[in-house]
Every structure is written in C-alpha cells, then in structure tokens.
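Quick one: sequence and predicted model below, then my questions.
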Amino acid sequence: MVTGIDCSKDYFDIAVLKEGKLAFKSRFANNSKGFMDMLPHIVGTHVAMEATGPYYFQLARFIYDSGVKVSVVNPLVIRRYAQMRRSRAKTDQKDAMVIAEFAQMTTPKLWAPATEVIQSIRNLETYLQGLKQRRQMLSNQLHAFQAAGIIEDLLYNEIKEEVESYDKRIKDKELQIEGLIKQHYAKMAGNIRSVPGIGPRSVSMLIIATDGFGMFENY
C-alpha cells in the first residue's frame, strides 16, 4: 500500500492505493489535529510527498516519528511524471493520486529529517541571506540618494550606520556557521575546499543540500 500526499499551507490531501486501486482519499488540516486524524489511514503504507517549501516538513517529521515509511520527492520529478502519465490539469486531490502512483511505480528512497546541526546551519544560512538582501537594499538606497545629491548629513549618517550594523551581523553569522562546520564537519569541509574556486559559502551550501553527504550511498 502506498499513500500520496499533496501538502499546502492550510491543508493537505491524501490518496491511499491498495493493489493499485484507490482505497481512501480525504483532506486534513495542516496542523497537529489533522496529522492525528490522518495517521490511522496511512499506517502500514509507504507515504510519498513533495518538498513543497516550508509546508511539508512538520508533516513529514510527524510521519517519520510515527514509524511510517515516508519519502520526500523533488516536485519537478512529480511534475514530469504527471506530464508523462496523464493530463496537466492541476487539482490537489489529483496531485495526491499522482504522487501515490509515482510511489507505487518507483518506490522512492526513504526520507529522514536532517540532523540538528544541519538544520541549525540551514536556518543560519537562510537568515544570513535575508541580512544580505536587506543590507543591499539599504546600500542601493544610500547610493541613489548620493547620486541625486539630495541627502542630508543626518540621514546619510543614519543609513551608513545601519549598513555598518548589517555588515557586523553578517560577519557574525558567517563566523557562527563556520564554527559549526569546523566543529562537526571539519574534514569534509577541508575536502570540499580543496576544489579550486570553492569558498566558505559554497562549502556550507553543499553540506546543507546533501545533509552532510548522507544522501549518497557511495562516491
């Protein structure tokens, strides 16, 4: 038996297949109560779902912690499969069915949540990117004011101080990330850095994207 789940911000749809035929389908709220209401229907099945932004993770973690097999699949793979198998019309319940059929045909690799260290690095990297974007916005604004020659000294100094504050926070987060990598993945980071052109940010992103290269069975 397999279960396909199509997950969105407020709810998720499931389709359970038994011997290739639809045995159960329903919609549940994407919250703790919805998770518990769903659980009896998926016990003993292999669950497959898409990695849909931040919305899938809590549900996938709940299924994993409940001892049910779960796979998290790249949405592009599901989309290509849907285009190959059937019409391109998109409905949530139909998507759940397509995902279930995909799981039945391919038996995708089982998913496990990232380690706490990987999750910490990922969160820091996400926050760091936000800091850089906000810093760039301020810097562009300051440059535009200067180019137009219309900025007062008081406002100039205020924006400049804010930019410098972002610079400090960015540096602090980069050092925090490098510290976590050095503590937990020093050898791996050294191997990655041995590749010409690979810097600290690329090292961090590669470790995050591959869950410390735990996604691979061999080289």
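That came through, no problem. Numbering: from 1, shown residues only.

On the three-state scheme, the residue nearest the centre of the chain is what?
Closest to where the C-alpha atoms of the chain average out (CA atoms, centre = their mean) is G53, at 5.4 Å. Three-state assignment for G53 (DSSP: H, G, I helix; E, B strand; the rest coil): coil.

Can you report phi and psi for it?
Backbone torsions for G53, taken as degrees, to the nearest 10, come to phi 50, psi -140.

For the protein, which segments count as helices?
Along the chain, counting by DSSP state H, helices occupy 32-42, 57-65, 75-85, 92-106, 116-148, 153-184, 186-193, 200-209.

Any chance of CSV for those, columns mean neighbour count, distance to D10 and mean pLDDT?
From N, CA and C alone the C-beta is placed, and that goes for glycine too. CSV is the format used below for the helices of the chain (neighbours: other CB atoms under 10 Å; distance: least, CB to CB, whole Å; pLDDT from 0 to 100):
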stretch, mean neighbour count, distance to D10, mean pLDDT
helix 32-42, 15, 10, 97
helix 57-65, 17, 12, 95
helix 75-85, 14, 18, 87
helix 92-106, 20, 11, 86
helix 116-148, 14, 22, 94
helix 153-184, 14, 32, 95
helix 186-193, 14, 39, 94
helix 200-209, 17, 28, 92
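
got TSV for these, with distance to A23 too?
As requested, these are exported to TSV (distance: least, CB to CB, whole Å):
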stretch	distance to A23
helix 32-42	9
helix 57-65	18
helix 75-85	19
helix 92-106	10
helix 116-148	35
helix 153-184	43
helix 186-193	44
helix 200-209	36
